[in-house]
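J.: Next come a sequence and a model predicted from it.
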Amino acid sequence: MKAFNTKTAGRVTGASQKQLIYWDKTGLVKPSVAGASGRGSRRLYSFLDLVQIRVAKELRERGLSLQKLRKAIHVLKEHPEEVRHPLAELRLITDGKALFRLTSDPEALEDILKRGQLVSALAIKPQCDYVRQRVAKTIRKAKEKVDVMGKTYTVLVEADVVDGGFIAECPALPGCVTDGETPEAAVRNAREAIADWLAAGEGKHLAKAE
């Protein structure tokens, strides 16, 4: 997936909706796919945006100020290939006051702000892997079985990363698609949709119980 709404971004990174909105408004991490442009519009984030959000959340919890968080996010924006690369060695090191970037030379330490006592290192690769795994888990389709009118149907459930919530589809009944705020709600709605679909006689010849 190339775009993730705020609900999905929060689910993947662990950041709260308030944090995402605040960081967008203050320019810390802005959604690069689509920004909020008025009522009804949606913030849409890229994968690299999600990595930036995850890093910002981790560093904030380690005591780094919002001003210095901007320096950290700027580093990520300057090194997108190191973030994407599976063997990325990019590291940010902080004591909650100072922030450093560890370069490809393990003996070299670039002082971004000012020197301080090093007590905490944040490797970017694990953060990138975490986001990738959470994204895969979020968008993965799940199969559920539902019984309707004496027959069993398979329902595919997946996260709606654009609009939020979950989508449920019954492949045996073309066009029988519904949604819900949770996977459970989507399955319940799918059961009702299948019943309505069958009751209307639309699937008389096409429905194939599994």
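T.: Everything's here; your move.
J.: Just the helices from this structure, written as ranges.
T.: Using DSSP state H, the helices of the chain run over residues 6-13, 17-25, 47-61, 66-78, 80-84, 124-139, 183-199.
J.: buried residues in the longest one?
T.: Neighbour counts over helix 183-199 (16 or more other CB atoms under 10 Å) mark 183, 186-187, 189-191, 193-194, 197-198 as buried. Every residue, glycine included, has its C-beta placed from N, CA and C.
J.: Give me the neighbour count for Leu156.
T.: 16 (other CB atoms under 10 Å).
J.: how about it, what does it touch?
T.: With contact set as CB atoms under 8 Å, 6 or more residues apart in numbering, Leu156 has these partners: 141-144, 168-171.
J.: Just the buried positions in the top strand by length along the chain, please.
T.: With secondary structure taken from DSSP state E, the chain has its longest strand at strand 151-159. Buried residues in strand 151-159, counted by 16+ other CB under 10 Å: 153, 155-159.
J.: Sheet partners, orientation included, of it?
T.: If you go by DSSP bridges, strand 151-159 pairs up with strand 142-148 (antiparallel), strand 166-169 (antiparallel).
J.: which one of those lies closest to Thr26?
T.: strand 166-169 (30.9 Å; CB to CB).
J.: and that closest one, what's its mean pLDDT?
T.: Taken as a whole, strand 166-169 carries a mean pLDDT of 88.
J.: Residues in contact with it: which ones?
T.: 144, 155-160, 176-183, 185-187, 189-190, 193.
J.: Least confident secondary structure element in the chain?
T.: Taking mean pLDDT, DSSP states H and E as the measure, the chain has strand 109-111 as its least confident helix or strand, at a mean of 47.
J.: Would you mind giving the contacts of Leu156 as CSV with neighbour count and distance to Val75 added?
T.: Listed next are these as CSV, based on neighbours: other CB atoms under 10 Å; distance: CB to CB, whole Å:
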residue, neighbour count, distance to Val75
Lys141, 10, 36
Ala142, 14, 37
Lys143, 10, 42
Glu144, 17, 43
Ala168, 26, 41
Glu169, 21, 42
Cys170, 25, 47
Pro171, 13, 45
